[in-house]
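Asks: Need the 3D shape of this:
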Amino acid sequence: MIQVNAMGDACPIPVVKTLNALRELAGPGTVQTLVDNQTAVQNLNRLAESKGCTVQTEQLSEKQYQVTITVGEGAELPESADGICTVPSAAKPDNTVVVISADHMGEGDEALGKVLLKGFLFALTQQETLPKTILFYNGGASITCEGSASLEDLRQLKELGVEILTCGTCLNHYGLTEKLRVGEVTNMYVIAEKQLQATLVIRP
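Replies: Residues are numbered from 1 along each chain as shown. Just a heads-up that it's a prediction; the model follows:
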């Protein structure tokens, strides 16, 4: 049995930790994860179901839940290329383009939106299939600059072969030209070209 402590972890970290533990099993076994909210419980249940595993949940206290995922012979566990489970290895990017045009994700509470965008970019680092390019423009230009909470995740994506491009006009407009810390400066012609040539454009 592998035990995972995800107490206090924001989405999607409980799922990522559990997924990595499932990889580490490399066969039948059990992963037991502690979380502190029902949303994490539901996410872990969906993870187990998607992999063909059985799952049981026990509420240990008001804000402590134990999710036990049991892996059987027919489970579909993801593996790294060498069968050793760590952070996912870099799958060859397809021609998917991700477009980030604001410093937050979705409409509504802007502070929540910033948390969601940070979680989304981290979640990208954990995918087995990576986008080919991430485009940043308008308010999204700040995400690749000094002070961004996502710089570490973006650097990891760049190391995995993902192209990180930020609009030069936008950097100049917001006074961020000298603060770019990851990726390359681009222009609107390239931004249009990348989206037109993409097989899929994702706008979180």
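Asks: and the most centrally placed residue in the chain, what does it touch?
Replies: Centroid check for the chain by CA atoms, centre = their mean gives A123 as the closest residue, at 0.7 Å. Neighbour list for A123: 12, 16 [criterion: CB atoms under 8 Å, 6 or more residues apart in numbering]. All C-beta spots, glycine's among them, are computed from the backbone N, C-alpha and C.
Asks: Does it fall in a helix, a strand, or a coil region?
Replies: The three-state assignment at A123 reads helix, by DSSP: H, G, I helix; E, B strand; the rest coil.
Asks: Would you check how far apart it and M105 are?
Replies: Remark: distance between A123 and M105 (CB to CB, to the nearest Å) = 11 Å.
Asks: do the same with F136
Replies: Counting by CB to CB, the gap from F136 to M105 is 13 Å.
Asks: and if you look at A10?
Replies: Using CB to CB, A10 is found at 13 Å from M105.
Asks: T133 too?
Replies: From T133 to M105 the distance is 18 Å (CB to CB).
Asks: Next: K114.
Replies: According to CB to CB, K114 stands 8 Å off from M105.
Asks: now do K132
Replies: Distance of K132 to M105, computed by CB to CB: 21 Å.
Asks: can you check V4 too?
Replies: 26 Å.
Asks: ok, now E73?
Replies: 39 Å.
Asks: Show me which of these two is the more surrounded one.
Replies: In terms of neighbours (other CB atoms under 10 Å), M105 is the more surrounded of E73 and M105; the figures are 20 against 7.
Asks: The residue nearest to Y174 when sequence neighbours are not counted in helix, strand or coil?
Replies: Nearest in space to Y174, with sequence neighbours left out and distances taken as CB to CB, 6 or more residues apart in numbering, is A141 at 6.0 Å. Classification of A141 using three-state DSSP returns helix.
Asks: my read: A141 touches L171, true?
Replies: Yes: if you go by CB atoms under 8 Å, A141 and L171 touch, sitting 5.3 Å apart.
Asks: The two: which has the busier surroundings?
Replies: Legend: neighbour count by other CB under 10 Å for A141 and L171, higher for A141 (28 against 22).
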